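Engineer: My questions are about this predicted structure, shown below with the sequence.
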Amino acid sequence: MVKATLKDGTVLAESANTVVVEGNHYFPPEAVNTAALSPSPTHTTCPWKGVASYYDATIGGKTLVSDVAWYYPETKEKANNIKGYVAFYKASFAVACRAQTAVC
């Protein structure tokens, strides 16, 4: 089980079915707490994955962490396995994986 939480304990995502790409856990959309996220205007391009869209961590209308997560709404062929999946910046949250916990 992998869990992404803000440092204040807010759970952003939790799943046993993440996909690891380039050291990042991509969470399936149904495992993401969308109530704690709001769309960011940021977009970046990866040469093999495509154009990424970003989310801010927003609680009670207040943005706590800008660009805390990213996802690929449309992917290039090699990244089809993460289309719509959400990854989180490790510096913004704690990653709990099974019995191990690492706070970044």
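Structural biologist: Great, that's in hand.

Engineer: Test my guess that residue 24 contacts residue 87.
Structural biologist: Yes. Taking contacts as C-beta atoms under 8 Å, residue 24 lies within contact range of residue 87: 4.4 Å. C-beta coordinates here come from the backbone N, C-alpha and C atoms, glycine included.

Engineer: Distance check, residue 6 against residue 88.
Structural biologist: Noted for residue 6: a distance of 9 Å to residue 88, by C-beta to C-beta, to the nearest Å.

Engineer: Now the common contact residues for those two.
Structural biologist: When contacts are counted by C-beta atoms under 8 Å, 6 or more residues apart in numbering, the set common to residue 6 and residue 88 consists of 12, 68.

Engineer: Who has more neighbours out of these two?
Structural biologist: Remark: of residue 6 and residue 88, residue 88 carries more neighbours, 27 against 18, as counted by other C-beta atoms under 10 Å.

Engineer: Surely the more buried one is in contact with residue 13?
Structural biologist: Yes. Using C-beta under 8 Å, residue 88 is in contact with residue 13, at 6.9 Å.

Engineer: Can you list the residue ranges for strands in this protein?
Structural biologist: 2-6, 11-15, 19-21, 24-27, 37-46, 50-59, 62-71, 86-88, 93-97, 100-103 (DSSP state E).

Engineer: Quickly list what the residue minimising distance to the centre of the chain is bridged to.
Structural biologist: Centroid-nearest residue in the chain: residue 87, 2.6 Å away (criterion: C-alpha atoms, centre = their mean). Beta bridges link residue 87 to residue 26, residue 70 when assigned by DSSP bridges.
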